[in-house]
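In: what follows is a predicted structure for the sequence shown.
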Amino acid sequence: MRSDLEEIKECFSCGLFVKKDKQSSKKLVCPRCNSKLEKEHKHSIDSLIFSISALMLFIILNLYPIITLNINNQDLEATLFNTVKILFEQEFFIVGFLVLFTIIIAPVFNSLIIILFFIQEKSKIKIFRDKDLYNGFHFFKEWGFMEVFIISLIVTYIKLVGMISNTKFDIGFFVILIYVLCFLMSNLKFDIDRVFKD
């Protein structure tokens, strides 16, 4: 019964159930409304590699400044953790917590959940329940806003260049770009639905 259900795909446009043709390499099309049916993503070990790379880059990212400015012959450097620290020091507690959660905690936990899934899958040791991994993955994925942080950095840089001429992106900024690429690829390659399929 289960194997029969796995051979059927539902059309999200009209609701028709279409039988998959495993032998054909052509894209599956609904015979009723001609909508292309979503192709199932194969679970890839690449997501594990990208997740580990993202975590390693995250550590490197916090060692180097993102933006450097020169005011009165004094260099001011801003790292990721320093940005959050300054917000708390200036008593912007709500903004500080949101930045801490969305650009540090959520992306890191998202990568950790992907790594944990592979550990549990290969070792057969259940550290966390499948339900907890599934819910945790979707929660932290939705709350990770690192790409929004990059856009805000670019906007800040453009504004600072107009006021302070000696403003430049430092090594940390280029590391953060590679980090976001690895982070996004780890999520694209990861099929969380397989947690319940296996």
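Out: On my side now, so go ahead. Fair warning: this is a prediction, and the values are worked out from it, not measured in the lab.
In: this structure: strands as residue ranges?
Out: Assigned strands in the chain, in chain order: 8-10, 17-19, 67-71, 74-78, 167-169 (criterion: DSSP state E).
In: closest one to Ile127 among those strands?
Out: Closest to Ile127 of the strands of the chain, according to Cβ to Cβ: strand 8-10, at 32.9 Å. Yep, even glycine has a C-beta here, placed from its N, CA and C like the rest.
In: quick one: end-to-end length of stretch 61-72, please.
Out: End-to-end distance of stretch 61-72: 27 Å, with Cα to Cα, to the nearest Å as the criterion.
In: buried residues in that stretch?
Out: For stretch 61-72, the neighbour count (16 or more other Cβ atoms under 10 Å) marks Leu61, Tyr64, Pro65, Ile66, Ile67, Thr68, Leu69 as buried.
In: now tabulate those in CSV and tack on pLDDT.
Out: Output for those, formatted as CSV (pLDDT from 0 to 100):
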residue, pLDDT
Leu61, 90
Tyr64, 91
Pro65, 91
Ile66, 90
Ile67, 86
Thr68, 84
Leu69, 80
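In: of these, closest to Asp75?
Out: Asp75 lies nearest to Thr68 out of the buried residues of stretch 61-72, by Cβ to Cβ, at 5.8 Å.
In: these two touch, right, that closest one and Lys168?
Out: Yes: between Thr68 and Lys168 a contact is recorded at 5.6 Å, counting by Cβ atoms under 8 Å.
In: okay, and the common contacts of the two?
Out: Counting by Cβ atoms under 8 Å, 6 or more residues apart in numbering, Thr68 and Lys168 have no shared contacts at all.
In: need the contact list for the residue lying farthest from the centre of the chain.
Out: Farthest-out residue of the chain from its mean C-alpha position, per Cα atoms, centre = their mean: Asn72, at 38.8 Å. If a contact means Cβ under 8 Å, 6+ apart, then Asn72 has no contacts.
In: same question, Ser44
Out: The contact partners of Ser44, by Cβ under 8 Å, 6+ apart, come to Lys189, Phe190, Asp191.
In: try Leu61
Out: Going by Cβ under 8 Å, 6+ apart, Leu61 touches Leu80, Gly172, Val175, Ile176, Tyr179.
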